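In: Structure here, sequence nowhere to be found:
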């Protein structure tokens, strides 16, 4: 596979899976491992990761631009709830990056957040979460959330540091468990993703700039940026429409299938 094709494929998967409740981290990681095993390894995975995240961040900013403007102008209550809900993911993500990642590699021989087996198991966890809330709908808006409920949704997002555990899926499910309307649960989830994706992009971007392997040939990654942005916008529109019709459970067979395929692939590699 050519570099342009690989990055375009990763961008399409990132754009879809970032917003559909099927786990972008799980899909992109598995696809990158397959490229390494059966194709041409990507020359700069860090640069690709930064650009793909930035593309999906732009998609959220554009899709929810009016709601973001409203939040900044007058809805300080929801803004405060979003800030509180952001804290757990920030603490877990930075804590893991600074202290636990190296320890995990020393003890386990590999980073569990970069291993397909973790993704395979967590795909099943995502399916179970989606099954638990399929058909559920509340009558509350984001402004009705208590501080405790916002923190609960934030803790759900923090758990999604595990590849294969869908960030959008688990946070929407947490919102539905707090009796939010389906579209309100989705909006809170995706507004919550803005600081999370932005933070991850900044952390990875900083590592990229100081990396001795930094490659300034931006043609392929800019293609990835544009594609992740466009596909992300389409995926957002699809998901909101499906949520309104109570079709969150449609994604359960796919994540169960992905879990079985990924775990089967890892078992096959042992022989």
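Out: Everything's here; your move. This is a predicted model, so every value here is computed, not measured.
In: what distance separates the helix ranked longest in the chain from the centre of its chain?
Out: Among the segments of the chain that qualify as a helix by DSSP state H, the longest is helix 182-210. Computed by CA atoms, centre = their mean, to the nearest Å, the chain-centroid distance of helix 182-210 equals 8 Å.
In: In it, which residues are buried?
Out: For helix 182-210, the neighbour count (16 or more other CB atoms under 10 Å) marks 182, 184-197, 199-201, 204-205, 208 as buried. The C-beta positions use only the backbone N, C-alpha and C, and glycine is treated the same way.
In: quick one: the helix or strand residue 49 falls within to helix 182-210, angle?
Out: Element membership for residue 49, per DSSP states H and E: helix 45-63. Going by axes from the mean of the first three to the mean of the last three CA atoms, to 10 degrees, helix 45-63 is angled at 140 degrees with respect to helix 182-210.
In: What are the buried residues along the helix or strand that helix 45-63 is followed by?
Out: Downstream of helix 45-63, the next assigned helix or strand under DSSP H and E is helix 65-73. Across helix 65-73, burial judged by 16+ other CB under 10 Å covers 68, 71.
In: what's helix 65-73 packed up against?
Out: helix 76-95, helix 182-210 (3 or more CB pairs under 8 Å, 6 or more residues apart in numbering; DSSP states H and E).
In: now for the shortest one, which elements pack on it?
Out: Put plainly, it is helix 76-95. helix 65-73, helix 147-159, helix 182-210.
In: one more time with 7 Å, if that's ok
Out: helix 147-159, helix 182-210 (3 or more CB pairs under 7 Å, 6 or more residues apart in numbering; DSSP states H and E).
In: next structured bit after the first one?
Out: What it means is helix 147-159. Counting by DSSP H and E, what follows helix 147-159 is helix 167-177.
In: Check the longest one too.
Out: Remark: after helix 182-210, the chain's next helix or strand is helix 219-244, criterion DSSP H and E.
In: next structured bit after that following helix?
Out: helix 252-269.
In: any idea of the mean pLDDT in that next one?
Out: Helix 252-269 carries an average pLDDT of 95.
In: Need the residues that contact that helix.
Out: If you take CB atoms under 7 Å, 6 or more residues apart in numbering as the criterion, helix 252-269 is touched by 22, 30, 116-117, 119-120, 123-124, 126-127, 130-131.
In: Many thanks, I have nothing further to ask.
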